[in-house]
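> This is a predicted model, with the sequence first.
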Amino acid sequence: MREAAFALADFACDPMELLTACKRLVERRPACAPLVWICARILSGSDPAAEAYDCVSALERDRTCEELADQIPSEASVLVVGRDEAGEEAALWRPDVELVAVDAADDEDHPIGPLVQSVDLLVLEAEAVSDSEALLRSGAGPVVAAARQMEVPVWLVVGLGRVLPEQMWIGATELAMREHSGADSHHGSAGYEVVPLDRVDTVVGPSGMHPVSELRYRRECPIVMELFA
C-alpha cells in the first residue's frame, strides 16, 4: 500500500493522469479494499499528495492485528482459511495460540467438519466489507457454514480501509468477481466469495472487538464512482 500511495502522489498535479492511475490500480486489485480506500481519498481530497501520505500514516498506525492478538483466548486453537496475514501476525504476538490453516472447501477428500470441530475459534480476514456482506477468500463459505453448525465462534477481522459504502462495495466486488471468472483477468487472481455478515459472531477492528452491527458506523471511504467507470 505504501508504494502505491506514494506512486499516486506523483500525479497530484495532473487530475486526469491521477484518475487514470487510480483506475488502473483498482482494476488490477479490485478486491483490495484498502487500495480502493486510498484511491478514493486521494481523488476526493483537496490535496492529493497530502491525502496519500495521510493514508500511509493511518495504515501504519492501524492496531487491528494487535487488537486481535489481545482478544484471542489463552491457549486457543484458531482456524484460518488460506494465508491469513492478520491471523499469522496475531500468532506471532501470542506464542500460546495454535494457528491451523485450511485451504480446501469441504469435500470427500478434504472433510472440513472434523477440523472445524477440533478448534476453538474461526478467524477470517475480510478483503472488503459492506453493511451486510464480506468479501472473503474462496473456500471460506463452507468453513463458515461448518463453524456455525458446530457452534464454533466466527470472528471477522476488518482492518482500516476495508469497510466500503454500498456503491463502492458493488463496484469493487463486481470487478473482483469478473477478474476471477476470467473476463478482463489479471495473472495471480486468487478467487473470492461473498459471505453474509449474519454468519459472523463478532468483528475485530482498529478499536478492538465490537458487534457486527457497528460496522455500519465505520464511514472510512468516500464515494468516488469514477474509479469503476
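That came through fine.
> Please make it C-alpha for all contacts and neighbour counts, starting now.
Will do.
> quick one: low-confidence parts of this protein?
Within the chain, the segments meeting pLDDT under 70 span 104-110, 179-190.
> mind listing the strands for it?
With DSSP state E as the criterion, the chain has strands at 77-81, 98-102, 121-125, 128-129, 133-137, 154-157, 192-196, 202-205, 208-210.
> what about stretch 212-222, how long is it end to end?
Taking CA to CA, to the nearest Å as the measure, stretch 212-222 stretches 21 Å from start to finish.
> Contact partners for V158?
By CA atoms under 8 Å, 6 or more residues apart in numbering, V158 lies in contact with 64, 125-129, 203-206.
> neighbour-wise, which of those residues leads?
In terms of neighbour count, V129 stands highest of the contacts of V158 at 27 neighbours, by other CA atoms under 10 Å.
> ok, and the closest non-adjacent residue to that residue?
What sits nearest to V129 in space, not counting adjacent residues and going by CA to CA, 6 or more residues apart in numbering, is V163, at 4.8 Å.
> Hmm, the one you found is touching I223, no?
No. If you go by CA atoms under 8 Å, V163 and I223 don't touch, sitting 11.8 Å apart.
> More neighbours: which of those two?
Set side by side, V163 and I223 give different neighbour counts by other CA under 10 Å, the larger being at V163 (27 against 18).
> Show me what the longest helix anywhere in the chain is packed against.
Using DSSP state H to assign secondary structure, the helix with the most residues in the chain is helix 166-181. Judged by 3 or more CA pairs under 8 Å, 6 or more residues apart in numbering; DSSP states H and E, helix 166-181 is in contact with strand 192-196.
> For the strand it packs on, name the packing helices and strands.
Identification of packing neighbours for strand 192-196 by 3+ CA pairs under 8 Å, 6+ apart yields strand 133-137, helix 140-149, helix 166-181.
> Distance from that strand to the middle of the chain?
11 Å (CA atoms, centre = their mean, to the nearest Å).
> So T173 sits against A31, correct?
Yes. Taking CA under 8 Å as the definition, T173 is a contact partner of A31 at 6.5 Å.
> Can you pull the residues that touch both of those two?
Common contacts of T173 and A31 (CA under 8 Å, 6+ apart): L135.
> Most tightly packed of the strands of the chain?
strand 128-129 (a mean of 26; mean count of other CA atoms under 10 Å).
> which strands and helices sit next to that one?
If you count contacts as 3+ CA pairs under 8 Å, 6+ apart, strand 128-129 packs onto strand 133-137.
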